[in-house]
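1. what follows is a protein structure lacking sequence information:
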């Protein structure tokens, strides 16, 4: 089995247009959630989200490119460019054929669907742009990253709702670990902040209009975000020989299914995924220093997740720092695990522990160290990132300092 | 703007050329238009002239819409506009 390390990272999300801005915002407990701005937002009952506002797609991409790039593809391309540039890898020859792209997304080109349904149903138009299909398909982001950087190995999209990114990164990890790939570009991307995207979520009555307050007794639901984060996972020896900067080691990964309910989470499924990730990494519960929680801010997730962490780590659960950065960047659904991986890398590489902001009132069912409101500076050797999706699909990744 | 000038403008935009560099006898390949560019051209023509172009990208030469040159496209579109107002 090969060892797998991360040699590049990139992002665009509500906290920043690159990793440095994002980590700086997390370190300062900055909130990226604000008023939603897009057509027909006035007809929504949910008015807030972690929307990317300091970004003009027409400055970054040509008109011809934008014909093919839904926002979820734009975000993925921006993040991938940063990650690959940092890694210093150039994909040609044999390396290109043994390197690929696996990204998570739940909605894919949802904005393209939304705009074109509006056009044909509401505006009564009888023709749509020729590239609606290649723009909306869920593998559009993966294919454009592959085409842009010449990655010719395994490339596909993973879609498991809120666990999409973690499942995608887990697949990428296993491909490099098994020797099937030398390097994989992986992470996730989401752009659900449009009228249809939010309207659908409103129906579930799990959205907050007052803010994202994970683990706080006053929490009243989740807040959506948008954006992408992308990483370069590389075989350790390959990275070492070429003298690449190693950000962290991907030490383990596990997935599980609750096999019980389509929306309600289960303690047992979450616990098995956490334990599985530690087992796969050869780690003990007491090795864990930081957990980036799924921490959605819903009543159901937060208490279930706390119980699962306690079951998996035993008494050590009370020594571990657990934070939900969704309080700052919102829930990026299929892209969320990727943006949250940035916080795990910052913990390991820089000793920056991102806080859970908006945490005011203690909840007896949520009694762990949530790093409330202010970031901490302390050394961490092992961090894990939780993702527990609708449909009962859980995926947990463990990182280790190298 | 005449039908011909508008079509030259549409094709020039898709081919990333100046309209002055597009002449009527030029063919699709000479213009550097790939299959996607041709489909976008057909879409832009439909939008601009409110016509329905009988064009199948699976086999462009089999359809009634002659895309062999800029002139043939202009002639075909003029025919569609005339048919619409008839």
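-> Looks like it came in fine. These numbers come from a predicted model, not from an experiment.
2. near chain A, which residues of chain B?
-> B:16, B:36, B:39-40, B:42-43, B:46-47 (CB under 8 Å from any CB of the partner chain). For every residue, glycine as well, the C-beta is placed using N, CA and C.
3. assumed residue A:187 was part of a strand.
-> Yes - when classified by DSSP: H, G, I helix; E, B strand; the rest coil, residue A:187 is found to be part of a strand.
4. ok, it - how many residues close by?
-> Applying other CB atoms under 10 Å in any protein chain shown, we find 36 residues neighbouring residue A:187.
5. chain B: helices as residue ranges?
-> Taking DSSP state H as the test, the helices found in chain B are B:3-15, B:28-31, B:35-49, B:70-85.
6. correction: the stretch 151-300 of chain A
-> A:164-178, A:195-202, A:236-241, A:267-281, A:299-313 (DSSP state H, counting those that start in this stretch).
7. show me what the second one is packed up against.
-> Read it as helix A:195-202. helix A:110-117 (3 or more CB pairs under 8 Å, 6 or more residues apart in numbering or on different chains; DSSP states H and E).
8. ok, now with 10 Å
-> Helices and strands touching helix A:195-202, by 3 or more CB pairs under 10 Å, 6 or more residues apart in numbering or on different chains; DSSP states H and E, are strand A:48-49, helix A:110-117.
9. just the buried ones from the residues of chain B next to chain A?
-> Among the residues of chain B next to chain A, those classed as buried by 16 or more other CB atoms under 10 Å in any protein chain shown are B:36, B:39-40, B:42-43, B:46.
10. okay, those in a markdown table with pLDDT next?
-> Below are those laid out as a markdown table (pLDDT from 0 to 100):
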| residue | pLDDT |
| --- | --- |
| B:36 | 88 |
| B:39 | 92 |
| B:40 | 92 |
| B:42 | 94 |
| B:43 | 94 |
| B:46 | 94 |
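11. ok, whichever residue of chain B sits closest to chain A to residue A:169 distance?
-> Taking CB to the nearest CB, chain A has its nearest neighbour within chain B at residue B:39, 4.3 Å off. Look at residue B:39 and residue A:169: by CB to CB, to the nearest Å, they are 36 Å apart.
12. equivalent analysis for residue B:37, please.
-> From residue B:37 to residue A:169 the distance is 36 Å (CB to CB).
13. which one of the two has more residues nearby?
-> Each of residue B:37 and residue A:169 has its neighbours counted (other CB under 10 Å); residue A:169 has more, 32 against 18.
14. you'd agree the more buried one is up against residue A:338?
-> Yes - between residue A:169 and residue A:338 there is a contact at 7.0 Å, judged by CB atoms under 10 Å.
15. list the residues that contact both of these two?
-> Residues touching both residue A:169 and residue A:338 (CB atoms under 10 Å, 6 or more residues apart in numbering or on different chains) are A:103-104, A:186-188, A:229-231, A:385, A:387.
16. let me know the angle separating the longest helix belonging to chain A from helix A:110-117.
-> The longest helix of chain A (DSSP H) is helix A:71-87. Orientation check (axes from the mean of the first three to the mean of the last three CA atoms, to 10 degrees): helix A:71-87 against helix A:110-117 gives 160 degrees.
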